[in-house]
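Trainee: Just the structure for this:
(chains A, B, C and D)
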4 protein chains.
Amino acid sequence: MINVGIIGATGYVGEELVGILLKHPDARLTNISSRTSSGELFSKIAPQFEGKTMLTCEKPDINKICSKSDLVFLALPHTASMDFVPQLLKHGKRVIDLSADYRLNDQKAYEKFYTRKHKDKLNIKNSVYGLPEIYRAKIKTAKLVANPGCYPTVSILACAPLVALGIADSGSIIIDAKSGVTGAGKKLVEGLLFSEVNQDFKAYKVNMHQHGPEINQEISKLLGKKVAVTFVPHLLPLNRGILATVYIKKAQSAKGRTQDLISLYKKFYKNEPFVRIRKAGDFPRLKDVVHTNFCDIGIEDCGDNIIIIAVIDNLLKGAAGQAVQNMNIMYKFPEKTALL
Amino acid sequence: MINVGIIGATGYVGEELVGILLKHPDARLTNISSRTSSGELFSKIAPQFEGKTMLTCEKPDINKICSKSDLVFLALPHTASMDFVPQLLKHGKRVIDLSADYRLNDQKAYEKFYTRKHKDKLNIKNSVYGLPEIYRAKIKTAKLVANPGCYPTVSILACAPLVALGIADSGSIIIDAKSGVTGAGKKLVEGLLFSEVNQDFKAYKVNMHQHGPEINQEISKLLGKKVAVTFVPHLLPLNRGILATVYIKKAQSAKGRTQDLISLYKKFYKNEPFVRIRKAGDFPRLKDVVHTNFCDIGIEDCGDNIIIIAVIDNLLKGAAGQAVQNMNIMYKFPEKTALL
Amino acid sequence: MINVGIIGATGYVGEELVGILLKHPDARLTNISSRTSSGELFSKIAPQFEGKTMLTCEKPDINKICSKSDLVFLALPHTASMDFVPQLLKHGKRVIDLSADYRLNDQKAYEKFYTRKHKDKLNIKNSVYGLPEIYRAKIKTAKLVANPGCYPTVSILACAPLVALGIADSGSIIIDAKSGVTGAGKKLVEGLLFSEVNQDFKAYKVNMHQHGPEINQEISKLLGKKVAVTFVPHLLPLNRGILATVYIKKAQSAKGRTQDLISLYKKFYKNEPFVRIRKAGDFPRLKDVVHTNFCDIGIEDCGDNIIIIAVIDNLLKGAAGQAVQNMNIMYKFPEKTALL
Amino acid sequence: MINVGIIGATGYVGEELVGILLKHPDARLTNISSRTSSGELFSKIAPQFEGKTMLTCEKPDINKICSKSDLVFLALPHTASMDFVPQLLKHGKRVIDLSADYRLNDQKAYEKFYTRKHKDKLNIKNSVYGLPEIYRAKIKTAKLVANPGCYPTVSILACAPLVALGIADSGSIIIDAKSGVTGAGKKLVEGLLFSEVNQDFKAYKVNMHQHGPEINQEISKLLGKKVAVTFVPHLLPLNRGILATVYIKKAQSAKGRTQDLISLYKKFYKNEPFVRIRKAGDFPRLKDVVHTNFCDIGIEDCGDNIIIIAVIDNLLKGAAGQAVQNMNIMYKFPEKTALL
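Mentor: Numbers count the residues shown, from 1 in each chain, chains lettered A, B, ... in the order given. Next comes the predicted model:
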């Protein structure tokens, strides 16, 4: 049994984390802190938790947090985590950071997309990118896990087998992604008002989304050379879930049809508890994974192009669920604990 | 042909007004002003108008507005209209104000619900409450029309025949109203974010909504004595439309069943171009009136109680459509012009 | 550890039941049957269960079901359950029926609203109405539990304290209820198509819904005399949840204001694990209870009238969750097991 | 002033057609027929039309229809139109068919995707594909206009300038399209129920949608050689609108950046009343075109690839609006009449 804390528990991701951890038999949620809502019962801020927890949301105090936690989750906005991580690590705590602060090796990209200088370059090098399907071995012993972004999680899982096995023409990867609104958090901007989003649909940050560099970094690592994908995110009028439709041109030498590709994906992910590959002609929809930690993938060969359709719940496999999956790996708990 | 202007054209109601007026054969929209978006092409702020109007949104300047307008619509937030109305009237312009500033005779109620002292008490007395079904004769010659609120419009039209004809037990009027989100405008508050409203439903301002006094005022006038209705508004996860389910206890002397009540409503509204009464067993839904200026009403007798279900589009019959209906009456244009 | 089966697992309620039972530490789901989808892996019919269960959906066969089950849940359409219940009881199995077949004592009402003669009048008398907050003692030993309807659950819980304690004027109970779409199941009718429901809102079966007699029966029992409430259901454009706004006239002798009423509700429900009473001025919304088994209640005194606002998830406290709560009571498992 | 009739007026497209034609100053809607709802007032079937038209929906009778119409619109399901068209043409009537029956020159493709043999091959040759931006000259004198499908309209308008001017690498056109639910009509299938579509998103008919051949046919004509695009449609949880995100690889010889491409699109469509090109960095959303006949297009150069985002209202520019635009062209009415 370990003790865990959460800093930043009042956003959508934070609430999901609380919900999962309260069900976890091997982890005890001992402290919740928030920069904005301290002093209140958590169940008052999030009434769905009434009767489930008596924890009070406190102002973040490193010493107090460290005295109560073996592991700390940070569910803070980008650029806020790097104020907490160095101290937590100094106290010997293990950390899972759900922000983007420790995901990018390229400092210039970080500063360009998150518009702030990084204050803790040292620990970037020591962080492990928390995508279990690719980095499980390193996650086991990691002190600091940089939990992946939602778009990168679904995009990398969709592409990885083709890229790693040399089937993709690396210059021709197109990711057309569609996300529900919780991906943007509770930001008070006109574009997120109900009357603006409902009955609407749009692309945004066309080929210039901050998750682009993260996807490029990981695809490049898998491939062994630097590539840039074409990445267009869209905003869906629904709360949860991301569907990515990925178009990959085959490398000239690549052979095989849909069934071969499916076999290849099944083999690549054969030990993965949260990746499910569909049979030929069957494609996943959001409904199949929302409120779960699964990533479902369907594949279709179209001659020159391969179409891959992958779905996740952005708040679970794309954030809080994956974070707990990482915790399970770090502490050798069965990987599915509290996630089924 | 008259010249008209709009102050406050960039909200949801303002955009509807622009749309209707651009189609109106007898009114020329000559100027649009806004306190927040001046200097820009209106079609840039509201791209759905590209190719339809070349008007630029200007900072409100009374002299300029008056030089270009016979009639001015004010689609401003509550408490902002009273800064403009006195000057417009002084310049001899006719005014249709879509805010609550000139609707309430009771200053205390105004100050309680809109939390500001009224600056123009004089003109309140001269204003006409712009509900054509009740006040058409006065609207014809009005200098200042106080266009009704959306909840009061649907509530009063639902109750009027029973109240005016003495069938209602005046102490027992319950209005359970459900409104789409545009009723609240484009306010940046967490409660109006898509991820909060979508898949949710709630009551709000339970028996203390600012439209309560407006409903009470008009029902009391119809009845000839002071009453207070029970009024509970709810927020629907959709953009447009209000449905009010009204429960009225019959006065002890009242007789007749559903069919008699329907006949009575049909007679009461027989010359009304925008009120449609359903036959027995048939009740209106939002879909029947959204994007129209109609108010549809269904009636059911249940013994002691009468149930009335009435629907409107909150942005049209509940705001911009009714405002243009009032303009048509004021200028003796056919009442349906630009509204069908 | 008990063995349980489900007949009718492929509807919305059935899927919820499967989900809860798979998480239940003291119940083993051993068989799933369906009249329409036999022979297929359940996870193929409901892909969100892939990796969670290997059960196959079988044609219902009483002997087979009885050989594998201590308790059987029936999640069948109304009028279908009475074909199975007598045989299951004869085999000595305990049964929780989620249909309306064993809820109504008044056969005429049943036949009027469900348009079929009842085939198993005998067992109606032996059934227990499965609302734990009222009938917990009887449920403990029941052979056959008639699990309440979704509207009756929320309506009765909202009214019970006022009715049971003589505060309600029994002739003046108005229930204005609003339900999400899953309440209607997966019926293929035009009125349930997305393009019809989305952006729409309507009342339906105005004061003639089949849940009316069920509400009347239970309110009458609590009161000790026969009453008929006014009940108007409405269809919300969302998937899950019911909100009921209840208007009750106070009995002439009744005293006390909002705070007194709240205290009274808290006392009435003080040992209830799934009823939460709000403090004054605070009203529940769907979001607070969707995906939970809670019923949240807010109360407001308005002088002559009392307003009660109550919410549940129609598929959980209104169906599958309450069914498992009943199972927990019947087998002396901790009542919250698998429901938090 | 011409007389027009509609066969098949009770679907979503039919209702839009009625609405537009009732506002048209130069066309008189004289008859409405439907195979399923004959004998009823149209305003009873579609209550939003009450007070707007007294037309009765009749059983389709060719002689009666021809005696009352100069032009007939067919808003029938695919494979139903070919039963009516030959007779209407024989009577000398002009016809605008909104089904797919006269769009495809390739009979094999028609039979494969619409699963029926064509009965009227003769008239296919005489039909004009009703996309005014490409075929205006032919439409002017056409006897039979095959009104384009919704996906083809937005896809072809998005691609046409790049294809016609040789900038596209013809082998690499990817169309990722997302449509609202009305595109599927009022079909009673489980996949279109509200509780299935709401909060969900999915791809369907991946690279095998019946509109694929129509897109390929027209892109091939523009290019002067046969090509096959990659076309993946998705279902959005909203009522109206299609957004297509198109990815086109540049031909090797192609030069120029975003601004040059925009200039090129503006020039290509410079006389088009219903195509609006966005400036650099600005992309259209559904909201900008829903309830209008516009197609809005945004363009972004990404080096090797060009991204084009185009939106239409599937029921207007994708069906009824374009049909009336074609009528306006055929009868030399100003092209925007009744469409602004």
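
Trainee: Where do the helices of the stretch 101-250 of chain A begin and end?
Mentor: Applying DSSP state H, counting those that start in this stretch to the stretch 101-250 of chain A gives helices spanning A:107-114, A:121-126, A:132-141, A:150-164, A:194-197, A:211-223.

Trainee: With respect to chain D, which of those helices lies nearest?
Mentor: helix A:194-197 (7.7 Å; C-beta to the nearest C-beta). The way it works is simple: take the backbone N, C-alpha and C, and place the C-beta from them, glycine included.

Trainee: and that closest one, how far out from the chain's middle?
Mentor: 25 Å (C-alpha atoms, centre = their mean, to the nearest Å).

Trainee: Could you give the separation of stretch A:43-57 from the chain centroid?
Mentor: On C-alpha atoms, centre = their mean, the centre of stretch A:43-57 falls 25 Å from that of its chain.

Trainee: now the end-to-end length of it.
Mentor: Stretch A:43-57 has an end-to-end distance of 9 Å (criterion: C-alpha to C-alpha, to the nearest Å).

Trainee: That one near chain B at all?
Mentor: No: interface with chain B: stretch A:43-57 contributes nothing (C-beta under 8 Å from any C-beta of the partner chain), its closest point being 11.4 Å away.

Trainee: which residues touch that stretch?
Mentor: Stretch A:43-57 is contacted from outside by A:9-10, A:15, A:18-19, A:22, A:29, A:31-34, A:37-42, C:273, C:276, C:284, C:287-289, C:291-292, C:294, C:296, C:340, using C-beta atoms under 8 Å, 6 or more residues apart in numbering or on different chains.

Trainee: Could you do stretch A:276-288 as well?
Mentor: So stretch A:276-288 is contacted by A:180, A:238, A:240-243, A:258-259, A:262, A:265-266, A:269, A:294-300, A:309-311, C:47-48, C:50-51, D:196, D:199-204, D:206 (C-beta under 8 Å, 6+ apart).

Trainee: which of those residues count as buried?
Mentor: For these, a burial check counting by 16 or more other C-beta atoms under 10 Å in any protein chain shown picks out A:180, A:238, A:240-243, A:258, A:262, A:265-266, A:269, A:294-300, A:309-311, C:47-48, C:50-51, D:196, D:199-203, D:206.

Trainee: any idea how far chain B is from the nearest residue to A:Lys332 once chain neighbours are set aside?
Mentor: Spatially, and ignoring its direct neighbours in sequence, A:Lys332 is nearest to A:Lys140 (7.6 Å; C-beta to C-beta, 6 or more residues apart in numbering or on different chains). Note on A:Lys140: its distance to chain B, by C-beta to the nearest C-beta, to the nearest Å, is 35 Å.

Trainee: mind listing what A:Lys140 touches?
Mentor: By C-beta under 8 Å, 6+ apart, the residues touching A:Lys140 are A:329-330, A:332.

Trainee: for those residues, which one is nearest D:Leu316?
Mentor: A:Ile329 (52.5 Å; C-beta to C-beta).

Trainee: Name the nearest residue to the closest one, ignoring sequence neighbours.
Mentor: A:Ile139 (4.8 Å).

Trainee: How about A:Ile134?
Mentor: A:Ile134's closest residue in space is A:Ala160 (C-beta to C-beta, 6+ apart), at 6.7 Å.

Trainee: Can you read off the pLDDT for that neighbour?
Mentor: pLDDT for A:Ala160: 97.

Trainee: number of nearby residues for it?
Mentor: A total of 22 residues lie near A:Ala160 under the criterion other C-beta atoms under 10 Å in any protein chain shown.

Trainee: about what we covered before: out of the contacts of stretch A:43-57, which end up buried?
Mentor: Buried among the contacts of stretch A:43-57 (16+ other C-beta under 10 Å): A:9-10, A:15, A:18-19, A:22, A:29, A:31-34, A:37, A:42, C:273, C:276, C:284, C:287-289, C:291-292, C:294, C:296.

Trainee: Filter the residues you listed down to just the ones in strands.
Mentor: Using DSSP state E, the subset of these located in strands is A:29, A:31-33, C:276, C:296.

Trainee: quick check, nearest of the residues you listed to chain D?
Mentor: C:Asp296 (21.9 Å).

Trainee: Show me what that closest one is bridged to.
Mentor: Beta bridges link C:Asp296 to C:Arg276, C:Val311, judged by DSSP bridges.

Trainee: Would you mind giving me the confidence score for A:Thr10?
Mentor: pLDDT at A:Thr10 comes out at 89.

Trainee: cool, the one 10 residues further on as well?
Mentor: The predicted local confidence for A:Ile20 comes out at a pLDDT of 97.
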